[in-house]
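Asker: Got a predicted structure plus its sequence, pasted below:
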Amino acid sequence: MIELTRVREGLEFLGLNEMAAVLDSRLEAAAQKDKTYLEFLTDLVDSELAVRRERYLKTRTRLAHLPFHKTLEQFDFSFQPSIDDRQIRELSTLRFAYDASNVIFLGPPGVGKTHLAVALGVEAIRQGLGVYFITAHDLVNDLRRAWAENRLERRMRVYLAPRVLIIDEMGYLPMDDAGATIFFQLVSARYERGSIVLTSNKSFGDWGTIFGDAIIATAILDRLLHHSTTVNIRGESYRLREKKRAGLFNPSKTIQEVPPAAN
């Protein structure tokens with residue numbers, strides 16, 4: 001049919017490739033179900049929108065540098081009873097992101113801090129918000145390198161642009177004076193302008209040891225906590241749970257001492 005070919009070519013020319021690809025099948029379905037012209041057109045446009053949204057989400061997810069794709073639906077709240085799942089569901093509405101407030105997950109290694117942070121990032125991407133994920137160590141090293149090369153201001157924009165900046169593993173490695181100062185600059189620049197989702201294995205009282213200076217730690221916490229939600233997670237490591245199930249870890253088993261070598 002000349003008209004059908006012309007419509008398909010027109011759609012392709014306009015860049016509506018999905019509509020062009022499904023045109024025949026949608027016409028056939030419309031005829032079988034006796035759909036109106038408007039219903040047929042709505043169905044055709046929806047197919048294009050669905051493909052474009054999927055492409056958009058994939059691109060945003062790739063640009064976010066998430067270490068994995070985890071959602072709140074995949075989180076086992078029953079294993080971590082210290083977490084109020086209603087609080088997490090409230091956070092998933094992303095009101096905190098629209099209010100430019102922060103979310104801080106505290107707890108020992110393996111309790112799901114990064115999973116929850118990434119899940120909020122995934123939800124933010126779904127809602128069309130910019131997200132960027134990086135560990136605290138890599139963040140500070142990147143900005144220190146930019147500072148040494150006299151391009152700190154330009155590089156800082158990478159971490160100021162996203163609506164939600166996820167900083168993982170705060171406190172696993174201490175910072176020197178330069179790193180602490182640069183991190184303070186970033187937190188100050190994002191204060192009341194963009195949200196930070198941060199995970200740490202250190203309580204706030206120990207942050208002086210992270211930055212090597214109680215005064216700068218207090219200044220950072222003052223800005224982070226002014227508009228924030230803190231989630232304290234107290235529980236067992238998910239990773240150790242799996243090892244226990246596999247019989248690879250037994251905390252009650254003592255390690256026998258190795259006798260000293262003879263002189």
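Answerer: Nice, I can see it. Since the structure is predicted, the reported quantities are computational estimates derived from the model, not experimental observations. Numbering: from 1, shown residues only.

Asker: From now on I want contacts and neighbour counts done on CA atoms only, so please keep to that.
Answerer: Fine.

Asker: pLDDT below threshold where in the protein?
Answerer: Within the chain, the segments meeting pLDDT under 70 span 238-263.

Asker: could you pull out the helices for it?
Answerer: Assigned by DSSP state H, the chain shows helices spanning 2-13, 17-32, 37-64, 85-91, 95-98, 113-126, 136-148, 152-160, 177-190, 207-211, 214-226, 238-245.

Asker: buried sites along the shortest one?
Answerer: Looking back up the chat, that one is helix 95-98. 96-97 (16 or more other CA atoms under 10 Å).

Asker: just to revisit the earlier point, out of the helices of the chain, which gets nearest to residue 199?
Answerer: helix 113-126 (6.0 Å; CA to CA).

Asker: Need the nearest residue in space to residue 12, chain neighbours excluded.
Answerer: residue 20 (6.1 Å; CA to CA, 6 or more residues apart in numbering).

Asker: repeat for residue 202
Answerer: Distances taken as CA to CA, 6+ apart place residue 171 nearest to residue 202, at 6.0 Å, with adjacent residues excluded.

Asker: what's around the one you found, how many residues?
Answerer: 20 (other CA atoms under 10 Å).

Asker: Let me know whether it touches residue 200 as I believe.
Answerer: Yes. If you go by CA atoms under 8 Å, residue 171 and residue 200 touch, sitting 6.0 Å apart.

Asker: residues in contact with residue 44?
Answerer: Contacts for residue 44 (CA atoms under 8 Å, 6 or more residues apart in numbering) come out as 19, 22-23, 26.

Asker: The same query, at a cut-off of 7 Å, please.
Answerer: 19, 26 (CA atoms under 7 Å, 6 or more residues apart in numbering).

Asker: what about it, distance to residue 51?
Answerer: Residue 44 sits 11 Å away from residue 51, going by CA to CA, to the nearest Å.

Asker: thinking again about what came up before, could you say which of the helices of the chain is packed most deeply?
Answerer: Most buried of the helices of the chain, by mean neighbour count (mean count of other CA atoms under 10 Å): helix 113-126, with a mean of 23.
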